[in-house]
Each structure stands twice: as C-alpha cells, then as structure tokens.
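Enquirer: sequence below, structure please.
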Amino acid sequence: MNYYLLLKWLHILSSVVLVGTGIGSAYYLFLASRTRNAAVAAVVVGHVVQADWWFTTPTIVFQPVSGFWLVYLAGYSLHSLWLAASLALYALAVASWLPVVGLQIRMRNLARRAVDENAPLPDRYWRDLAWWVSLGVVAFCALVVVFYLMVAKPT
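Expert: I've put the predicted structure just below:
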C-alpha cells in the first residue's frame, strides 16, 4: 500500500469535509435566521454547533498534521513560500473560525431563550449573525487560496 497516496487522499477528504461543512452550515444557518422564526433558528443553529464539534473541529486539527506529514514525505522544503503562505492563511481561517464557534453557541442560546419566552429573536442575535457572516467569509476566502496554493505550489 502506498502510504503517501492514502495520506494525501485523507488530507483531501478532510479538506472537503472542512469546507463542505462550513458552506452547508452557513447556508442553513443564514436561511433559517432569515425566517425570523426563533424556533427554526434554535433548531438549525443547534445543529450547526453540533456539526462544528463533530466535523469541523477534527478536520481543523487533522489538516495541518496531515499536511506537514505530506510535506515531509514528499520532500518539500519547510521554507517554501507557498507553504508559509498556506500556513498563514490557514491560521487566519482558524482565527476567524474560533470566534464563530462562540457566536454560534450564543446565537443558539438566544434563539432558545426567545422560544421559551415566546419572543422574537433579540437584536444581539442579529449583531452576532452579522459578525458570524463576516468572519465566515474571511475563513472561506482564506481556505480557497490555501486550496490553490496546495495544488499549484507556486515558487
């Protein structure tokens, strides 16, 4: 068995899960929020929080581990500009994602409270949603560039 190809496949699969979960979560959370229905938001944001723990968190950890292992196995220099840029952008994506997790948890709790009190989603929910979208766009764009750098490895 070729361990390099197996690791490369797992690395690519993990990146698909990472970005796919992010895009899917963003799509459903944003559309659920637009209904302005606190019960819908509470359920969907709750599932998004769960998806982040089950899918995004493991891939966030696995990506750099498998990436460095691939760099080592392929014999690439750790001083390559494409690798440094990839790592910086990956760090930016993770730094954008970490507050998103906190925002999602607070949005879920705000929506649940609104359901319990039979009230509309509070203003804080909408401010958090705006930050959530903004940070998500930064993380997504950073990962798209990382994908390019991983494939092209420009000098």
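Enquirer: list the contacts for the residue nearest in space to the middle of the chain?
Expert: By C-alpha atoms, centre = their mean, the chain has its centre lying nearest to Gly22, at 4.6 Å. Neighbouring residues of Gly22 by C-beta atoms under 8 Å, 6 or more residues apart in numbering: Thr56, Gly136, Ala139, Phe140, Leu143. No exception for glycine: its C-beta is placed from N, CA and C like everyone else's.
Enquirer: same list, these, but as JSON lines with pLDDT, neighbour count and secondary structure please.
Expert: Listed next are these as JSON lines, based on pLDDT from 0 to 100; neighbours: other C-beta atoms under 10 Å; DSSP: H, G, I helix; E, B strand; the rest coil:
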{"residue": "Thr56", "pLDDT": "95", "neighbour count": "21", "secondary structure": "helix"}
{"residue": "Gly136", "pLDDT": "95", "neighbour count": "20", "secondary structure": "helix"}
{"residue": "Ala139", "pLDDT": "96", "neighbour count": "24", "secondary structure": "helix"}
{"residue": "Phe140", "pLDDT": "95", "neighbour count": "16", "secondary structure": "helix"}
{"residue": "Leu143", "pLDDT": "96", "neighbour count": "22", "secondary structure": "helix"}
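Enquirer: from Val71, how far out is Tyr4?
Expert: Between Tyr4 and Val71 the computed distance is 11 Å (C-beta to C-beta, to the nearest Å).
Enquirer: oh sorry, the question was meant for Val100
Expert: In terms of C-beta to C-beta, Val100 sits 28 Å off from Val71.
Enquirer: using CSV, list the CA coordinates for stretch 85-101.
Expert: Only the C-alpha atoms of stretch 85-101 are listed here, as CSV (Å, rounded to 0.1, in the frame of the first residue of the first chain):
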residue,chain,number,x,y,z
ALA,A,85,1.6,31.5,2.8
SER,A,86,-0.6,28.4,3.2
LEU,A,87,0.1,28.2,6.9
ALA,A,88,-0.5,32.0,7.4
LEU,A,89,-3.9,31.8,5.6
TYR,A,90,-4.8,28.6,7.4
ALA,A,91,-4.1,30.4,10.7
LEU,A,92,-6.2,33.3,9.5
ALA,A,93,-9.1,30.9,8.7
VAL,A,94,-8.8,29.2,12.1
ALA,A,95,-8.5,32.5,13.9
SER,A,96,-11.7,33.6,12.1
TRP,A,97,-13.5,30.3,12.9
LEU,A,98,-12.8,30.3,16.7
PRO,A,99,-15.0,33.3,17.5
VAL,A,100,-17.6,31.9,15.1
VAL,A,101,-18.0,28.9,17.4
